[in-house]
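Engineer: The sequence isn't on hand, but the structure is:
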């Protein structure tokens, strides 16, 4: 048992947890941030993806202790000032979710994907990048569409700002 | 159609909570004093329990209680049952072996629950479970249905000699035999419909809460039908009477059939909550889900299809062996019978059909309905047979289908179903145009130039949805009616809550049901809330499966709305001193037709509740309920075309295009309907190309028990899909809806396999068509 401190969604947090506690369980059980989900036991499904120091990680594959001192962004922290993030908005506009269970991981993966590829994303790249995220509802068709739409939207917004 | 009414692709009302991490799934629930459960499960496929020693485990840190099957039996908790009675052709009832929620004498599959450990933390529960010592006498196991029927095989249940559950038939065997004997051509094929794990992304979970002060139970659970869960747990499992049991299925992360059933864990956690005095939460891990969620499919069939000299089908004879696993799950008996053999006419006029179905116990997890449930098995069988026949007869697969289509409606098949409406030619034409069927030869030649084998295949499916007319299913053995209920509550300010017995676990009911209300009353969907999934809020319902929510669930809302509107019109007529028959409801107003007199909807609602000036004798309030029992099944149908390229070096199949042309009747929200089709096709492609549940036939261990061993379709396994609709409204329900939830999974597997076998020139290929199998089949053909 040790006290683990980190910054989650802009807030300093600290909580006692067993050494074996995974980051996903720390978020869900200790911090009651239940938006991050557990869909498998083998780092395959990606429902648990969060950002750690700006990069997407599977929070089921990192011990809470390993994340000590880091900055974590979860799905709950993505929308700013009550406005959906462009990726969230694109998933809604393009019906990129059905049951919603894989959605937090999909969205967090997509945000990181767009950060790295920007407007250069194409369908093949999106599909390849989604290899670590499983969805059983959508057949990925509208997830791919949502991510491409968000990438275009965000590139456009960036261009307009420049 | 208004911007939010029927036919509009409205973005979903429920999305914001899912997109911001505010969804509330069962595992997200937490109540004061809640503790965690872990189940001790059998590591053997078949064994006798000699003893269970909990002494070491009981003293482990954090342990609150460990309970076993003998205690459950002493408390008279009932066995898990199958709710659909099937009789064998000799008249004898199906042979239902005992399924105890916690096994205490014999375990019959790997994962069979033996004991429950309740502890302060999940880690402590898991640790203690490992310290429970169960002494097993291991017995030989059998996992394959065909083998389980053979002499000398391990016997699962004393009630079922040779592991045979029932030997059932449908149709006219003599007529089918005669047609085959007199045929100009007979196509024969043996097919295996591979066993699948449904795999909703949310693993099953349950939270059982016993309140000793009220002697009342609350069960949060991942269910597609919480009311059915309450009914079964009260009436059959003796957990608690209905008035003392509340079942809540909050946000549920997909179901695909696997969350219809009431599993041992729900029953045991409720009981354990009472025994231990604490709320008990159990959440399945993924391997546990592979081991214990009901699987789907697992048929082996032989088919004979007879043709006359003009290539018209004259008869069909099918012999199927279906694996039902170790115990009979809730609807397991209906899947390979009334959801399967009744669809064996497909889209074709076939004068004589006979199906014989034997169901079999094996040492595997129970098999029950999985997306499509029986109808994918029927469609795969028929559409592979049609394609095979076309190749044997030397005619185009489209022409053979065209020649045999049912073209006049209603059409009575020889296997119970009465098709009410459809236009199969329209879907075929649309799919062929969309796929540029006529340009295939050029594409094939171009691919050959690149060293690739290109193939094209089609599938024309029909399914029976809108499940189902209660009297009809009752006469066929169903233990329940399959109507649906709705209640429309108009608040005093005119906003509306609709209570529905349907349950949304991804289908978007909170949007589509609200669209229906918006369409009828001309009020914004924001003013309409859809309430579902809680037995305290919704009185009764039959839940969501079998593509029934639109056709049956929404039809119940229509009936309730009819009553609400009738009363509102009476009030409006009274207030405006007009004739009731002159009142129309438009754009959120009740108007006197042909005048400028109108009252806003909210004002009429308010008048109903102030009750200061109502027609003489009218009760105050504006709230109406309805039960809708369908008069027929609905019959969605369509044509799917798949085009593939096979790499002859590696056997890898690439899907280069996938076209779906569907007839779903009227559509409420095209965007949501298309999403259902996308997801269904992905599951069908998964079955055809990737997925397979594999048990070790020697010892019954599940080999494919994680996402590293069971190949789920991923984004880069699939193409984007080309969809279109050719809708003929369903005549049997008020909205003309047929249902769309399962079509994709039903129509797609044969289209894909027909494409691959076309590409490689060898029809001898089983699902899933892995690169190894495709490569071997290709090389066997050459």
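Structural biologist: On my side now, so go ahead. Only a predicted model underlies this, so the values are computations on that prediction, with no experimental measurement involved.
Engineer: C-alpha only now, for contacts and for neighbours.
Structural biologist: Fine.
Engineer: Could you list which residues are in contact with residue B:225?
Structural biologist: B:249, B:259, B:260, B:501, B:502, B:503, B:533, B:541, B:542, B:543, B:544 (C-alpha atoms under 8 Å, 6 or more residues apart in numbering or on different chains).
Engineer: Leaving out chain neighbours, which residue sits closest to residue B:558?
Structural biologist: Once flanking residues are discounted, residue B:558 sits nearest to residue B:734: 7.5 Å by C-alpha to C-alpha, 6 or more residues apart in numbering or on different chains.
Engineer: Show me how far stretch B:277-293 is from its chain's centre.
Structural biologist: How far stretch B:277-293 lies from its chain's middle: 21 Å, per C-alpha atoms, centre = their mean, to the nearest Å.
Engineer: coming back round to it: now the buried members of the contacts of residue B:225.
Structural biologist: Burial by neighbour count, 16 or more other C-alpha atoms under 10 Å in any protein chain shown: within the contacts of residue B:225 this picks out B:249, B:259, B:260, B:501, B:502, B:503, B:533, B:541, B:542, B:543, B:544.
Engineer: my read: the fourth one touches residue B:483, true?
Structural biologist: No: applying C-alpha atoms under 8 Å as the test, residue B:501 and residue B:483 come out as separate, 9.5 Å apart.
Engineer: re the thing from before, of all the buried ones among the contacts of residue B:225, which comes closest to chain A?
Structural biologist: residue B:503 (11.7 Å; C-alpha to the nearest C-alpha).
Engineer: do you know how far that closest one is from residue B:205?
Structural biologist: 17 Å (C-alpha to C-alpha, to the nearest Å).
Engineer: With residue A:102 instead?
Structural biologist: Taking C-alpha to C-alpha, one finds residue A:102 at 16 Å from residue B:205.
Engineer: Could you look up the SS state of residue B:415?
Structural biologist: Following DSSP: H, G, I helix; E, B strand; the rest coil, we place residue B:415 in the coil state.
Engineer: Next up, the contacts around it.
Structural biologist: B:170, B:171, B:341, B:342, B:343, B:344, B:345, B:353.
Engineer: how about the contacts of residue B:225 in a markdown table, adding pLDDT and distance to chain A?
Structural biologist: As requested, these are arranged in a markdown table below (pLDDT from 0 to 100; distance: C-alpha to the nearest C-alpha, whole Å):
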| residue | pLDDT | distance to chain A |
| --- | --- | --- |
| B:249 | 98 | 13 |
| B:259 | 98 | 13 |
| B:260 | 97 | 16 |
| B:501 | 96 | 18 |
| B:502 | 96 | 15 |
| B:503 | 96 | 12 |
| B:533 | 97 | 14 |
| B:541 | 95 | 20 |
| B:542 | 95 | 20 |
| B:543 | 95 | 16 |
| B:544 | 95 | 14 |
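Engineer: Rebuild those residues as CSV, extending it with secondary structure and distance to residue B:3.
Structural biologist: Formatted as CSV, the contacts of residue B:225 follow (DSSP: H, G, I helix; E, B strand; the rest coil; distance: C-alpha to C-alpha, whole Å):
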residue, secondary structure, distance to residue B:3
B:249, coil, 31
B:259, coil, 34
B:260, coil, 34
B:501, coil, 27
B:502, coil, 25
B:503, coil, 25
B:533, coil, 28
B:541, coil, 30
B:542, coil, 31
B:543, coil, 29
B:544, coil, 27
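Engineer: Now the nearest residue to residue B:334 once chain neighbours are set aside. Its backbone dihedrals?
Structural biologist: Closest residue in space to residue B:334, ignoring its immediate chain neighbours: residue B:84 at 6.2 Å, by C-alpha to C-alpha, 6+ apart. The phi and psi values for residue B:84, taken as degrees, to the nearest 10, are phi -130, psi 110.
Engineer: Tell me how many other residues crowd residue B:84.
Structural biologist: By other C-alpha atoms under 10 Å in any protein chain shown, 22 other residues sit near residue B:84.
Engineer: got a list of what it touches?
Structural biologist: B:330, B:331, B:332, B:333, B:334, B:477, B:478, B:479.
Engineer: okay, now the second one: neighbour count?
Structural biologist: Close neighbours of residue B:331, defined as other C-alpha under 10 Å, add up to 21.
Engineer: isn't it right up against residue B:367?
Structural biologist: No: Residue B:331 is beyond contact range of residue B:367, at 9.2 Å (criterion: C-alpha under 8 Å).
Engineer: Which residue is the nearest non-sequential neighbour of residue B:282?
Structural biologist: Residue B:282's closest residue in space is residue B:37 (C-alpha to C-alpha, 6+ apart), at 4.9 Å.
Engineer: Counting by contacts, list what the lengthiest helix in chain A packs against.
Structural biologist: For chain A, the helix with the greatest residue count under DSSP state H is helix A:141-161. Contact analysis of helix A:141-161 by 3 or more C-alpha pairs under 8 Å, 6 or more residues apart in numbering or on different chains; DSSP states H and E lists helix A:86-93, helix A:103-117, helix A:123-129 as its packing neighbours.
Engineer: Could you pull out the buried residues of the last one?
Structural biologist: Meaning helix A:123-129. A:123, A:126, A:127, A:129.
Engineer: and that helix, is it in reach of chain B?
Structural biologist: Yes: with C-alpha under 8 Å from any C-alpha of the partner chain as the criterion, chain B is reached by helix A:123-129 at A:124, A:127, A:128.
Engineer: For that helix, name the packing helices and strands.
Structural biologist: For helix A:123-129, the elements it packs on are helix A:141-161, judged by 3+ C-alpha pairs under 8 Å, 6+ apart.
Engineer: contact partners of the helix it packs on?
Structural biologist: Residues outside helix A:141-161 that contact it (C-alpha under 8 Å, 6+ apart): A:86-87, A:89-91, A:93-97, A:110, A:114, A:118-119, A:121-123, A:126-127, B:675, B:678, B:719-721.
Engineer: swap the cut-off to 6 Å and go again
Structural biologist: Helix A:141-161 is contacted from outside by A:86, A:87, A:90, A:91, A:94, A:96, A:114, A:119, B:720, using C-alpha atoms under 6 Å, 6 or more residues apart in numbering or on different chains.
Engineer: can you redo those as JSON lines with neighbour count, pLDDT and distance to residue A:52?
Structural biologist: Formatted as JSON lines, these follow (neighbours: other C-alpha atoms under 10 Å in any protein chain shown; pLDDT from 0 to 100; distance: C-alpha to C-alpha, whole Å):
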{"residue": "A:86", "neighbour count": "20", "pLDDT": "98", "distance to residue A:52": "20"}
{"residue": "A:87", "neighbour count": "26", "pLDDT": "98", "distance to residue A:52": "18"}
{"residue": "A:90", "neighbour count": "23", "pLDDT": "98", "distance to residue A:52": "23"}
{"residue": "A:91", "neighbour count": "27", "pLDDT": "98", "distance to residue A:52": "22"}
{"residue": "A:94", "neighbour count": "23", "pLDDT": "98", "distance to residue A:52": "27"}
{"residue": "A:96", "neighbour count": "28", "pLDDT": "98", "distance to residue A:52": "24"}
{"residue": "A:114", "neighbour count": "21", "pLDDT": "97", "distance to residue A:52": "16"}
{"residue": "A:119", "neighbour count": "17", "pLDDT": "85", "distance to residue A:52": "23"}
{"residue": "B:720", "neighbour count": "19", "pLDDT": "94", "distance to residue A:52": "32"}
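Engineer: Point out the residues in the stretch 251-400 of chain B that sit beside chain A.
Structural biologist: Applying C-alpha under 6 Å from any C-alpha of the partner chain, we find that the stretch 251-400 of chain B lies next to chain A at B:253, B:254, B:286.
Engineer: can you tell me which of those residues are in helices?
Structural biologist: Among those, DSSP H puts residue B:286 in helices.
Engineer: In space, what's closest to residue 22 - neighbours in sequence excluded?
Structural biologist: Chain wasn't specified; assuming chain A. residue A:63 (4.2 Å).
Engineer: looking at chain B here, not the other one
Structural biologist: residue A:35 (6.0 Å).
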